[in-house]
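Undergrad: coordinates only, sequence not included:
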């Protein structure tokens with residue numbers, strides 16, 4: 001399967017970058033913000049990116065189904081029959097997009113069974129991309145520069161580097177950090193939190209709040225390809241398409257698995 005994944009990795013990256021160009025085209029205008037049924041924000045950039053990605057993936061792999069945040073609900077009875085599919089967040093970090101802080105991403109993941117086996121995370125504003133897959137490794141690329149292998153860091157002496165959300169914070173995380181002890185916070189938006197861990201600039205990302213499967217899959221694939229891991233608070237791998245709802249359980253993403261990160265819960 002590794003050869004097959006590797007053949008899809010760069011084409012998926014190209015699709016994400018094209019979607020990023022569509023997002024930037026709207027980012028530079030006076031865009032409107034609508035509210036979806038769950039009151040989360042929606043912009044024309046989400047939809048333009050969605051259309052670009054769907055067209056690209058349908059041309060790349062016509063036989064594989066696609067689940068996108070903006071594609072509408074697909075019943076579990078249908079998607080539970082999918083052995084392999086694309087899982088997409090066309091614009092992760094819409095709040096960051098609206099606030100114009102640049103920390104939003106395009107996320108494209110390939111799910112095989114219940115595992116994210118390939119992922120691309122692209123940052124339209126900076127031109128950075130993070131991508132990787134099982135058996136190949138993880139890489140970063142800035143614009144047209146050469147790609148560089150990335151690797152999650154071993155835990156060093158000194159404060160634990162904790163990456164956290166700019167938009168979401170709660171008492172559960174505060175308690176976790178208090179029990180963790182000496183640490184330093186690295187604030188970051190969207191799936192870039194995983195990427196900081198994957199490239200060795202953070203040690204742990206505890207997410208004790210709600211996320212959806214399309215928020216995490218691509219970046220989880222990158223982090224795991226870089227040698228890190230993502231587990232639920234029960235210590236099980238974070239998995240996909242295993243239940244009717246699309247919400248993730250609380251999880252911890254980490255660089256170094258030699259420490260039991262669940263003991264601070």
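TA: Perfect, I can see it now. The model shown is predicted, which means the values in this text are computed figures rather than measured ones. Residues are numbered from 1 along each chain as shown.
Undergrad: ranges for the strands of the stretch 151-265 of the chain?
TA: 160-165, 183-188, 204-207, 229-232, 251-254 (DSSP state E, counting those that start in this stretch).
Undergrad: and residue 58, which of those is closest to it?
TA: Nearest to residue 58, of all the strands of the stretch 151-265 of the chain, is strand 229-232, at 28.3 Å by Cβ to Cβ. Heads up, the C-betas are built off the backbone N, CA and C, glycines and all.
Undergrad: who are the packing partners of that closest one?
TA: Applying 3 or more Cβ pairs under 8 Å, 6 or more residues apart in numbering; DSSP states H and E, one finds that strand 229-232 contacts helix 213-225, strand 251-254.
Undergrad: is it true that residue 89 lies in a helix?
TA: No. Read with DSSP: H, G, I helix; E, B strand; the rest coil, residue 89 is strand and lies in no helix.
Undergrad: neighbours of it, how many?
TA: Neighbour count of residue 89, defined by other Cβ atoms under 10 Å: 31.
Undergrad: quick revisit: among the helices and strands packed on strand 229-232, which is the most enclosed?
TA: Comparing the helices and strands packed on strand 229-232 by mean neighbour count (mean count of other Cβ atoms under 10 Å), helix 213-225 ranks first with a mean of 29.
Undergrad: what mean pLDDT does that one get?
TA: On average, the pLDDT along helix 213-225 is 98.
Undergrad: contacting residues for residue 264?
TA: 176, 179-180, 206 (Cβ atoms under 8 Å, 6 or more residues apart in numbering).
Undergrad: again, only this time at 7 Å
TA: Going by Cβ atoms under 7 Å, 6 or more residues apart in numbering, residue 264 touches 176, 179-180.
Undergrad: the residues you listed in helices, which ones?
TA: The members of the contacts of residue 264 that map onto helices under DSSP state H are 176, 179-180.
Undergrad: just the closest of those residues to residue 158, please.
TA: Nearest to residue 158, judged by Cβ to Cβ, of the ones in helices among the contacts of residue 264 is residue 180 at 13.1 Å.
Undergrad: the closest residue to the closest one other than its chain neighbours and residue 6, how far apart?
TA: Distances taken as Cβ to Cβ, 6 or more residues apart in numbering place residue 264 nearest to residue 180, at 4.8 Å, with adjacent residues excluded. Here residue 264 is placed at a distance of 37 Å from residue 6 (Cβ to Cβ, to the nearest Å).
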